[in-house]
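Chemist: everything below, folded, please.
(2 chains)
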Amino acid sequence: MAEVSINGVYKYYTGAEDKAAVKDLNLHINDGEFVAILGPSGCGKSSTMRMICGLEHISAGTIKFGDTVVNNLPPKDRDIAMVFENYALYPHKTVYDNIANPLKLAKVDKQEIDTRVVAAAQLLEIEHLLDRKPQELSGGQKQRVAIGRAIVRKPQVFLFDEPIAHLDAKLRARMRSELKRLQAELGVTSLYVTHDQLEALSMADRVAVMHDGVLQQFDTPQTVYDKPANAWVATFVGEPQMSLLECEIERGSDPLKLLFHNHPIEVDPVITDLLDKCGLNHVLVGFRPANVKVDVEYMDNSIAGSVYSRQLLGGELLIEVQVGDTIVRANVETEFTLKIGDPCHLKFSKSSLNIFNKDSGAALY
Amino acid sequence: MASIKDLLAAFDTPEVGDWAGVSMFFDFQPTFTHYYSLFAENNFGEYLVNSLLASLGSALVAVTLGSMAAYSLARMEFRGKKDLLFWIISTRMAPIVAVTVPLYAIFRSLDLVGTLPGLILAFTTFNLPFAIWILKGFFESVPYALEEAAQVDGCTRFQAFVSIIPLVAPGIGAFIVLCILFAWNDFLFATIIGSGGAKTLPAATRELVQPQNIDWGKIMAAGVITTLPMIPLGLLVRKYLVAGLTMGAVRE
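Modeler: Residues are numbered from 1 along each chain as shown, chains lettered A, B, ... in the order given. Next up is the predicted model:
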């Protein structure tokens, strides 16, 4: 087990030397910590993982496991285990041999291999499958075998590259909880790459959000959700998405006014202070759908708009409301009767909002 | 059938229009003299061995070198890869006759004319480009993640390559057979490079046609000897040949 520190790492691919796939990445992962790298496809998260495991050359910067710089070590000398997106099981070997492979390569003696493979299989509840070949297994079983192959050798670092992306939704939910439990049980430093925010937020101790090769925020899931570092993180994390409203600050009065389409938005004094000090005239104000109310009737200080779409999310309904050229999302009760195109009224909660610089996107706190 | 007929009987034909007389084709005393004399007088035993060694040898050389070249061409990205691939296949585009004279000169200056290694080398010149192209397809059909997994498991780069060989084995097996067939049937190189010390069956058969007489009985027998070993080989790998050659054609 070890800490992993990534210091000023860059990745350039041949043929695209002018555009870095990963730019000046700095991450410090504590011993035994479970860190998720979250981002859309092409954000550099997989490149980062592949540099950590040694399958991809590091263009600049250093990666350390504990005190050892691993930049020039081949994968086999890094003492890591990786679970691949497509499982990458050896199709011609049985489940037993698949799990035993890393131990055989490490020249562990037969007796010991047997004990450890069986123990890993028991932990993952796949003992009855040990004699089968991978093509006779279901997706979830293959996944367990791939995890078995990773845990059997007690590595310093676990790497998960979207390991459950190809499973169906129900099985994904179950594997999420099992992976989390397994990681806690084994206590091995783990890095988990995913584009699914639900996986990242629900499993990780800390989440690193990446976009266009740049680390946007590295913090606990709760902080990433409540206090996104910038407007991009704010709209990427959270489902349904946060609505960003372009607002104008009118400094003529005291306290100053926050205007959305010339309509004042009520805010807490803390926010007023913040807006006063920032010196900007235009800001983006973000509201989570749960903090927006929609009704047919006029509410105290509400804004008029029209229903743009309605989507049933099971227990509640997501309503998109058009105000001018802005779409605002709100969660409402399923009894909500308005149809698409109907006029309605919006009201924002005073306290739960995020303010971002309109030009740079950076959050103001 | 003519190979086991007496020379005169082989040319017996019924009268024109005499359909009942067709039976005379099958009414003969079988004789193995042609076979016997091929081996006793014409050294066909030696030629058979030459043929086997040359075709097997070249198939093995082509597949060993070819699989390594194909692997790197399938997996690595480097400048000029497309040109290199085209250059490799272009060596098969030119008619072999066009390069026979310079090739002969080169082989002679290296003292390879009329030797088995020379013949193996000559056969490899046309088997290798083919091997590289076909095997490249096989390797591309194996997901790269498998090798990455192997490396993470503790393999070196080369061990990772070895670990996926079982997956391309049907393809390689089928391809060895194809190489053997090409080499076995080759006539041009066999006569030009091989004749003398390393005569193969096709080259030796041609020598049975002589100015004063054409020994049809022996020619027929030689034809049978040349064909027979390839038949079981073909049957043996028929299944793999189809599986191997369609491998990589369809994505799973």
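
Chemist: what's the burial count for residue 89?
Modeler: Looking at chain A here, since you left the chain open. 24 (other Cβ atoms under 10 Å in any protein chain shown). To be clear about C-beta, it is placed using only N, CA and C from the backbone, and glycine gets the same treatment.

Chemist: you looked at the wrong chain, it should be chain B
Modeler: By the criterion of other Cβ under 10 Å, B:Ile89 has 12 neighbours.

Chemist: quick one: contacts of the strand or helix carrying it?
Modeler: Using DSSP states H and E, B:Ile89 sits in helix B:81-93. Identification of contacts with helix B:81-93 by Cβ atoms under 8 Å, 6 or more residues apart in numbering or on different chains yields B:Leu73, B:Thr125, B:Phe126, B:Pro129, B:Phe130, B:Ile132, B:Trp133, B:Lys136.

Chemist: relative orientation of the top helix by length along chain B and helix B:81-93 in degrees?
Modeler: Criterion DSSP state H: the longest helix present in chain B is helix B:44-75. Inter-element angle recorded for helix B:44-75 and helix B:81-93: 160 degrees (by axes from the mean of the first three to the mean of the last three Cα atoms, to 10 degrees).

Chemist: buried residues, helix B:44-75. List them.
Modeler: Judged by neighbour count using 16 or more other Cβ atoms under 10 Å in any protein chain shown, the buried positions of helix B:44-75 are B:44, B:47-48, B:50-51, B:53-59, B:61-63, B:66-67, B:69-71, B:73-75.

Chemist: now that helix: mean pLDDT?
Modeler: Helix B:44-75 carries an average pLDDT of 89.

Chemist: who does it touch, helix- and strand-wise?
Modeler: Applying 3 or more Cβ pairs under 8 Å, 6 or more residues apart in numbering or on different chains; DSSP states H and E, we find helix B:44-75 packed against helix B:81-93, helix B:116-140, helix B:165-185, helix B:201-206, helix B:216-227.

Chemist: hmm, who's touching the next helix or strand after the second one?
Modeler: When you say that, I think you mean helix B:116-140. Downstream of helix B:116-140, the first helix or strand assigned by DSSP H and E is helix B:144-153. Contacts of helix B:144-153 from elsewhere in the structure, counted by Cβ under 8 Å, 6+ apart, are A:53-55, A:74-76, A:80-82, A:84-86, A:88-90, A:101-102, A:105, A:149, B:75, B:155, B:157, B:159-161, B:163-164, B:167.

Chemist: next up, the contacts around the residue nearest to A:Leu27 when sequence neighbours are not counted.
Modeler: Among residues not flanking A:Leu27 along the chain, A:Ile6 sits closest, at 4.4 Å (Cβ to Cβ, 6 or more residues apart in numbering or on different chains). Contacts for A:Ile6 (Cβ under 8 Å, 6+ apart) come out as A:Leu25, A:Asn26, A:Leu27, A:His28, A:Thr48, A:Ile52, A:Gly61, A:Thr62, A:Ile63.

Chemist: and which of those is nearest A:His128?
Modeler: A:Ile52 (34.2 Å; Cβ to Cβ).

Chemist: my guess is that closest one contacts A:Leu191, does it?
Modeler: Yes - between A:Ile52 and A:Leu191 a contact is recorded at 6.6 Å, counting by Cβ atoms under 8 Å.

Chemist: so what's in contact with the two at the same time?
Modeler: In contact with both A:Ile52 and A:Leu191: A:Val4, A:Val157, A:Leu159, using Cβ under 8 Å, 6+ apart.

Chemist: can you tell me which residues in the stretch 101-250 of chain B are near chain A?
Modeler: B:143, B:145-146, B:148-157, B:159, B:163, B:166-167 (Cβ under 8 Å from any Cβ of the partner chain).

Chemist: picking that back up, out of the contacts of helix B:144-153, which sit inside helices?
Modeler: Going by DSSP H, the helices hold A:Cys53, A:Asn101, A:Pro102, A:Leu105, A:Arg149, B:Arg75, B:Arg157, B:Gln159, B:Ala160, B:Phe161, B:Ser163, B:Leu167 from the contacts of helix B:144-153.

Chemist: helix, strand, or coil at A:Ser351?
Modeler: Classification of A:Ser351 by DSSP: H, G, I helix; E, B strand; the rest coil places it in coil.

Chemist: thinking again about what came up before, surely the residue nearest to A:Leu27 forms part of a strand?
Modeler: Yes - according to three-state DSSP, A:Ile6 belongs to a strand.

Chemist: so it bridges to which residues?
Modeler: Using DSSP bridges, the bridge partners assigned to A:Ile6 are A:Leu27, A:Ile63.

Chemist: please apply the same query to the one 4 residues further on.
Modeler: Following DSSP bridges, A:Tyr10 is listed with bridge partners A:Ala60.

Chemist: lowest-pLDDT helix or strand in chain B?
Modeler: helix B:7-10 (a mean of 62; mean pLDDT, DSSP states H and E).

Chemist: the contacts of A:Ile6 into CSV, with extra columns for pLDDT and neighbour count?
Modeler: Formatted as CSV, those follow (pLDDT from 0 to 100; neighbours: other Cβ atoms under 10 Å in any protein chain shown):
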residue, pLDDT, neighbour count
A:Leu25, 92, 25
A:Asn26, 93, 12
A:Leu27, 92, 20
A:His28, 93, 14
A:Thr48, 92, 26
A:Ile52, 92, 27
A:Gly61, 92, 17
A:Thr62, 92, 13
A:Ile63, 92, 23
